[in-house]
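**Student:** Predicted model follows, preceded by the sequence.
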Amino acid sequence: MVMWVFGYGSLMWKPGFHFDDKLVGFIKGYRRVFQLACIDHRGTPEFPARSCTLIEEEGALCPWKLLRTRSCSQWGTAFCVNGGPEKEKLVIEYLEKRECEYDTKSYIDFYTEEEPSKPALTGVLLFTTTPNKVTNKYFLGPAPLEVMASQIAKAVGPCGTNCEYLFRLENEMDNIGHTEKEIIELANEVRRILGGVYLSL
């Protein structure tokens, strides 16, 4: 039995579990946003960091003919865990602890650039968050670019700074060949606030 996990944030560069294979690709119907509070990794309960999550949005995937010129918010990396139920259980337990702010687990289709209309994988595990401030205490909601950048520039937690998280995501998206306009704009605004201290990783 094989399990696949979709990473679209820090899992892309630091999955934290043993995996047997990985694929770069995308999922449909979601948009990446920096609207989730992180209080235990890159922030604290007193000053939470902003980490990314995916929210469902019909038509979030840009038309295939524009993929090379427009940013698509749901590109990422799928990790394969092959080793039976016990190994899968250990990975899920690890992820549930690590992704504690993400309150929703889904199983979705995963596509690759080679076959964008036919799923390369089905039943891929995805962690997201409920976009509701009333029922989900970790959901921050949208904010102006300058406000988000200011929060990210200041937040720090046991695992490091919030800005490092953002810059690593920016770098990882570039590594997989799918830079994202919103991430670049947010990262550049954080750099402006920091006075250009973090030009690159």
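**Tutor:** Arrived safely.
**Student:** A78 reaches Y8, doesn't it?
**Tutor:** No: using CB atoms under 8 Å, A78 is not in contact with Y8, being 10.0 Å away. (C-beta placed from N, C-alpha, C; glycine too.)
**Student:** Show residues contacting stretch 109-117.
**Tutor:** 4, 6, 23-28, 64, 67, 78, 118-122, 124 (CB atoms under 8 Å, 6 or more residues apart in numbering).
**Student:** how about 7 Å then?
**Tutor:** Applying CB atoms under 7 Å, 6 or more residues apart in numbering, the contact partners of stretch 109-117 are 4, 6, 23, 25-28, 64, 78, 119-122, 124.
**Student:** Among the residues you listed, name the least confidently predicted one.
**Tutor:** For these, the model is least confident at W64; its pLDDT is 39.
**Student:** quick one: the helices in this protein?
**Tutor:** Using DSSP state H, the helices of the chain run over 85-98, 145-154, 162-175, 181-193.
**Student:** show me where the protein has strands.
**Tutor:** 2-7, 21-26, 30-38, 49-56, 75-82, 104-110, 121-128, 156-157, 160-161 (DSSP state E).
**Student:** if we can go back for a sec, for the helices of the chain, which one ends up most surrounded?
**Tutor:** Comparing the helices of the chain by mean neighbour count (mean count of other CB atoms under 10 Å), helix 162-175 comes out on top with a mean of 20.
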